[in-house]
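J.: A structural model of the following input is requested.
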Amino acid sequence: MESPFLRWRNFLSDSAARKKYEDYVKAADAKVGAFLEFDADRGLGLVSDANPGADLAGVPFAVKDIIAVKGFHLTCGSKILENLVSPYTATAVEKLIARGGVMVGKTNLDEFGMGSSTDNSALGKTNNPWDQGRVAGGSSGGSAAAVAAGMAAFALGSDTGGSVRQPAAFCGVYGLKPTYGAVSRYGLVAYASSLDVIGVCARSVEMTRAVFDIIRGQDEKDQSSQAGGSGPAAKNRVIGVLGGNLGLDPAVDRAYRKTMDFYKAQGFELREINLAMAEYYVPVYYTIATAEASANLARYTGVRYGYRPDYAENPEELTRKARSEGFGSEVKLRILLGTYVLRSGFQDQYYQRAHKLREAIRADFDKAFGGAGLILMPVFPTQAFLRGQSGLDQFQQKLADRFTTAANLAGLPAMSFPAAVEDGLPVGMQFMAPAFGEALLFDAIKLYEAQFPCPVPPSYKPEWIEGS
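T.: Below you'll find the model as predicted:
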């Protein structure tokens with residue numbers, strides 16, 4: 001089988017082509033704002049010459065700026081870490097560099113991964129390549145936008161409650177959230193440790209599969225990582241679908257029904273499933289995620305590294321000023337919520353109860369996968385939304401996470417894919433599979449890709465991407 005990276009390798013085979021690529025990225029990113037830091041030459045310096053014939057030799061990829069790469073900044077989109085340069089490299093990135101991949105830059109994100117728009121970054125906004133007045137999604141909006149606009153062959157992101165899949169859907173690319181533990185989290189700055197995973201954005205199913213195969217596997221530096229389970233025993237031709245009023249915008253509803261019709265025509269049986277715990281996904285997610293964020297972000301004190309105020313009377317004032325001046329409003333809100341649910345006397349009422357409901361959510365999916373091999377659902381109830389009053393406020397964005405948070409709570413793999421272009425904007429759908437069932441996701445979505453390849457934004461058609 002031909003390497004999914006071959007087109008990029010063939011084009012970027014000489015210095016003149018690489019210069020053309022770098023000029024394109026600088027011009028495109030002036031409009032998109034996907035990168036917080038772009039330096040292809042520094043990325044080349046990380047690559048070993050030990051394996052020049054590898055699939056990834058010379059292929060440029062991007063990394064969300066919440067994942068460590070030695071010598072590059074590690075800002076997490078926050079003022080509190082704006083000047084921090086990483087002293088080490090994440091395991092997933094090391095594996096890609098060892099195969100010849102060139103890490104060309106760090107992409108923008110909602111601060112510490114908290115948001116659905118990438119507008120919560122303290123260091124800049126990322127525009128959707130399909131419409132600059134719309135958000136790219138979040139929190140891995142920079143990664144998805146960079147891939148959609150042809151500025152990187154693929155990009156790594158992190159997915160805590162949909163942060164790879166939702167921006168991938170908004171920007172019209174593929175977004176994989178692996179099984180929890182399938183990819184090492186070493187080097188991923190923690191937001192909510194029991195939910196965070198490193199994921200992939202790419203422009204084809206095969207490229208997504210190839211990158212996942214490289215970065216997956218057990219890592220002694222991450223005790224939550226696993227060598228990989230056996231996955232489902234056999235393929236099941238039954239797809240679970242959601243019934244009733246899902247609260248979707250008309251364009252998303254049309255795309256969902258179109259996707260169901262396609263798989264039915266391919267001989268799959270569509271079976272309506274009842275996910276009895278669906279109403280609890282969002283409250284359970286935000287209870288657990290904010291509690292873990294409160295604990296994880298307590299390390300940012302202004303003492304050892306990160307933002308430090310000009311003056312403080314004592315260490316207590318130093319920490320208070322560093323946090324109040326360094327964190328953005330959304331991060332402060334989630335820390336306060338998390339601190340509240342962890343307070344003595346409130347843990348049983350909120351945090352412990354949320355964990356019991358999380359176990360019920362897992363059991364609910366076990367039951368659903370007893371009859372269906374895959375579950376098909378929307379990614380987000382709307383297409384990429386406008387900024388400002390015409391778009392969604394922060395509370396509406398949180399409620400709209402109801403289709404993505406379930407995979408993180410249950411630790412299951414899920415993958416979004418471009419299903420249609422409606423009214424000039426892409427619409428994404430997603431499949432969920434049982435634990436370590438990533439191969440099922442790739443195989444099912446590959447069928448859809450054959451009839452609807454990854455769309456290309458009209459203003460971003462460099463010759464090195466398919467469909468240009």
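J.: now do the helices in the stretch 1-150 of the chain.
T.: 6-11, 15-32, 40-44, 91-98, 141-148 (DSSP state H, counting those that start in this stretch).
J.: what's the second one packed up against?
T.: In other words, helix 15-32. With contacts defined as 3 or more C-beta pairs under 8 Å, 6 or more residues apart in numbering; DSSP states H and E, helix 15-32 has these neighbours: strand 35-38, helix 40-44, helix 141-148. Just so you know, the C-beta spots here come from the backbone N, C-alpha and C atoms, and that holds for glycine as well.
J.: reformat these as CSV; add mean pLDDT and distance to residue 436.
T.: What follows is the helices and strands packed on helix 15-32, written out as CSV (pLDDT from 0 to 100; distance: least, C-beta to C-beta, whole Å):
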stretch, mean pLDDT, distance to residue 436
strand 35-38, 98, 33
helix 40-44, 93, 31
helix 141-148, 98, 24
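J.: save these as JSON lines, and put in mean neighbour count too.
T.: As requested, the helices and strands packed on helix 15-32 are exported to JSON lines (neighbours: other C-beta atoms under 10 Å):
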{"stretch": "strand 35-38", "mean neighbour count": "22"}
{"stretch": "helix 40-44", "mean neighbour count": "16"}
{"stretch": "helix 141-148", "mean neighbour count": "36"}
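J.: so can I have JSON lines of the ones you listed showing distance to residue 84?
T.: Formatted as JSON lines, those follow (distance: least, C-beta to C-beta, whole Å):
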{"stretch": "strand 35-38", "distance to residue 84": "12"}
{"stretch": "helix 40-44", "distance to residue 84": "16"}
{"stretch": "helix 141-148", "distance to residue 84": "17"}
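J.: ok so, going back, pick the most deeply packed of the helices of the stretch 1-150 of the chain.
T.: Taking mean count of other C-beta atoms under 10 Å as the contact definition, the stretch among those with the greatest mean neighbour count is helix 141-148, which reaches a mean of 36.
J.: which elements pack onto the helix or strand that comes right after it?
T.: Where DSSP states H and E defines the elements, the next helix or strand beyond helix 141-148 is strand 154-159. Using 3+ C-beta pairs under 8 Å, 6+ apart as the contact criterion, the neighbours of strand 154-159 among helices and strands are strand 60-64, helix 91-98, helix 141-148, strand 174-177, strand 197-202, helix 205-215.
J.: tell me which of those sits nearest to residue 124.
T.: Across the helices and strands packed on strand 154-159, the minimum distance to residue 124, taken as C-beta to C-beta, is reached by helix 141-148, at 9.0 Å.
J.: which SSE is the residue lying closest to residue 190 once chain neighbours are set aside in?
T.: Among residues not flanking residue 190 along the chain, residue 296 sits closest, at 4.3 Å (C-beta to C-beta, 6 or more residues apart in numbering). Assigned by DSSP H and E, residue 296 belongs to helix 281-296.
J.: so how far is that helix off the chain centroid?
T.: Offset of helix 281-296 from its chain centre (C-alpha atoms, centre = their mean, to the nearest Å): 18 Å.
J.: return the following helix or strand past it as PDB; C-alpha atoms alone will do.
T.: Sequence-wise, the next helix or strand downstream of helix 281-296 (DSSP H and E) is helix 315-326. Output of helix 315-326 as PDB, limited to C-alpha atoms (Å, rounded to 0.1, in the frame of the first residue of the first chain):
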ATOM      1  CA  PRO A 315       5.000  34.000  48.900                       C
ATOM      2  CA  GLU A 316       1.300  33.900  49.500                       C
ATOM      3  CA  GLU A 317       0.800  37.200  47.800                       C
ATOM      4  CA  LEU A 318       3.200  36.100  45.000                       C
ATOM      5  CA  THR A 319       1.000  33.100  44.300                       C
ATOM      6  CA  ARG A 320      -2.200  35.000  44.500                       C
ATOM      7  CA  LYS A 321      -1.000  37.700  42.100                       C
ATOM      8  CA  ALA A 322       0.600  35.200  39.700                       C
ATOM      9  CA  ARG A 323      -2.700  33.200  39.400                       C
ATOM     10  CA  SER A 324      -5.000  36.200  39.200                       C
ATOM     11  CA  GLU A 325      -2.900  38.000  36.600                       C
ATOM     12  CA  GLY A 326      -1.700  34.900  34.700                       C
END
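J.: give the buried residues for helix 315-326.
T.: By neighbour count, with 16 or more other C-beta atoms under 10 Å as the criterion, the buried positions of helix 315-326 are 318, 319, 321, 322, 323, 326.
J.: how about the closest residue to the fifth one other than its chain neighbours, what does it touch?
T.: If you skip the residues right next to it in sequence, residue 323 has residue 300 as its closest partner in space, 6.6 Å away by C-beta to C-beta, 6+ apart. Contact analysis of residue 300 by C-beta atoms under 8 Å, 6 or more residues apart in numbering lists 80, 81, 306, 322, 323, 326, 327.
J.: pretty sure the fourth one contacts residue 310?
T.: I take that to be residue 322. No - look at residue 322 against residue 310 with C-beta atoms under 8 Å: they stay out of range, at 11.0 Å.
J.: where in the stretch 301-450 of the chain is pLDDT low?
T.: Low-confidence regions of the stretch 301-450 of the chain, defined by pLDDT under 70, are absent; no residue qualifies.
J.: do you have the strands of it handy? List them.
T.: Ranges of strands in the stretch 301-450 of the chain, per DSSP state E, counting those that start in this stretch, are 374-378, 414-422, 425-432.
J.: and residue 45, how many neighbours?
T.: The local packing of residue 45 (other C-beta atoms under 10 Å) involves 10 other residues.
J.: quick check: it vs residue 116, distance?
T.: Using C-beta to C-beta, to the nearest Å, one gets 35 Å for the distance from residue 45 to residue 116.
J.: and if you look at residue 462?
T.: When C-beta to C-beta is the yardstick, residue 462 and residue 116 sit 28 Å from each other.
J.: compare these two and say which is more crowded by neighbours.
T.: The neighbour comparison of residue 462 against residue 116 (other C-beta under 10 Å) goes to residue 116, with 28 against 16.
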